[in-house]
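Student: One predicted model, sequence on top.
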Amino acid sequence: MKKAYVFPGQGAQFAGMGKELYENSTKGKELFEKANEILGFKITDIMFNGTDEDLRQTKVTQPAVFLHSVILATTLGDKFVPDMVAGHSLGEFSALVATQSLSFEDGLILVSKRATAMQKACEAEPSTMAAIIGIDDKTVEDICSSISEVVVPANYNSPGQLVISGSLKGIDLACEKIKAAGAKRALPLKVGGAFHSPLMEPAKQELAQAINETSFSSPICPVYQNVNAQAMVEPEKIKQNLVEQLTSPVLWTQIMKNMISDGASTFVEVGPGAVLQGLVKKVSRDIEAYSA
């Protein structure tokens with residue numbers, strides 16, 4: 001009977017997030033104030049009092065979701081006893097800080113640099129993503145590879161739910177073909193750009209330098225990483241996978257299956273929202289899943 005802790009990514013944010021942690025935990029308040037100093041602006045004002053639109057800016061969203069997750073894990077104290085962890089995209093940084101592979105300060109700095117680098121890549125080349133529902137992964141993969149534009153699978157979220165990423169034209173063409181092939185839905189998403197695609201290469205190069213200059217330790221338990229869905233504990237390999245993550249798909253379905261295969265019977269979501277609980281339930285109805 002093993003317990004897996006999972007950390008959400010961009011998209012889990014909501015107006016008012018983290019306010020309760022700030023008001024009810026001395027340690028939480030201390031970490032939020034430290035974050036304001038590190039970032040050079042009062043992210044707490046945006047998180048606690050900003051609009052959904054304010055929170056949707058990548059440079060705000062990513063640090064905000066990271067802070068909510070990491071500070072929540074910190075306030076759990078002795079109750080945070082993971083046998084294994086994973087984080088969805090951005091959430092991988094939260095998972096690494098929660099398991100002491102990365103310091104809070106270094107984690108936040110990397111997340112901030114990641115968000116800025118991704119924002120720049122998005123502005124350099126207009127691009128987007130689309131959610132594909134109700135068709136098998138192989139059909140989506142084949143259609144993406146048949147299109148001359150940049151369009152690739154980006155997030156394998158659960159069986160029958162895949163997100164694709166690419167150029168505006170590539171996404172349009174792919175959605176048409178995927179719907180014609182029998183998908184229930186092929187829905188363009190309101191995102192800033194083509195995350196987890198080759199179009200993030202400039203951001204990857206920028207982030208690689210920052211990651212390679214940062215000190216990582218062995219985590220207190222295995223971290224199942226996005227790029228290979230495997231349990232990792234070796235700091236250098238963790239760093240390498242973190243760099244590759246920006247241009248590689250998030251293998252979330254495979255991560256869930258591997259964790260369950262390795263004995264996870266309970267999943268605890270640490271952070272805003274409850275999206276990951278829903279995804280694990282689509283992999284196995286027998287799994288217990290709840291919020292921290």
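Tutor: Ah, there it is. Numbers count the residues shown, from 1 in each chain.
Student: contacts, neighbours, all on C-alpha from now
Tutor: Noted.
Student: Tell me the residue in this protein that is farthest from the middle.
Tutor: residue 180 (30.0 Å; Cα atoms, centre = their mean).
Student: Give me the pLDDT for residue 158.
Tutor: Predicted confidence (pLDDT) for residue 158: 95.
Student: In contact with the nearest residue to it once chain neighbours are set aside, which residues?
Tutor: Using Cα to Cα, 6 or more residues apart in numbering and skipping residues adjacent in sequence, the residue nearest residue 158 is residue 253, 4.8 Å away. By Cα atoms under 8 Å, 6 or more residues apart in numbering, the contact list for residue 253 reads 156, 157, 158, 159, 280, 283.
Student: what's the neighbour count on the closest residue to residue 19 other than its chain neighbours?
Tutor: Once flanking residues are discounted, residue 19 sits nearest to residue 48: 5.4 Å by Cα to Cα, 6+ apart. Using other Cα atoms under 10 Å, residue 48 has 17 other residues around it.
Student: Wait, a helix at residue 48?
Tutor: Yes - counting by DSSP: H, G, I helix; E, B strand; the rest coil, residue 48 is found in a helix.
Student: Just to check, it is in contact with residue 20?
Tutor: No - counting by Cα atoms under 8 Å, residue 48 stays clear of residue 20, with 9.0 Å between them.
Student: my guess is residue 193 meets residue 129, correct?
Tutor: Yes - counting by Cα under 8 Å, residue 129 is a contact partner of residue 193 at 6.8 Å.
Student: For these two, indicate the residue with more neighbours.
Tutor: Neighbours were counted for residue 193 and for residue 129 using other Cα under 10 Å; residue 129 has more, 30 against 26.
Student: which residues are contacting stretch 170-179?
Tutor: Contacts for stretch 170-179 (Cα under 8 Å, 6+ apart): 128-130, 139-140, 143-144, 147-151, 164-165, 185-188.
Student: Please identify the buried residues of that stretch?
Tutor: Using 16 or more other Cα atoms under 10 Å as the test for burial, stretch 170-179 gives 170, 171, 172, 173, 174, 175, 177, 178, 179.
Student: swap in stretch 159-172?
Tutor: 159-172.
Student: For this structure, just list every one of the strands.
Tutor: Here the chain has its strands, by DSSP state E, at 2-7, 84-87, 127-133, 151-158, 161-167, 185-188, 223-224, 231-232, 264-269, 288-291.
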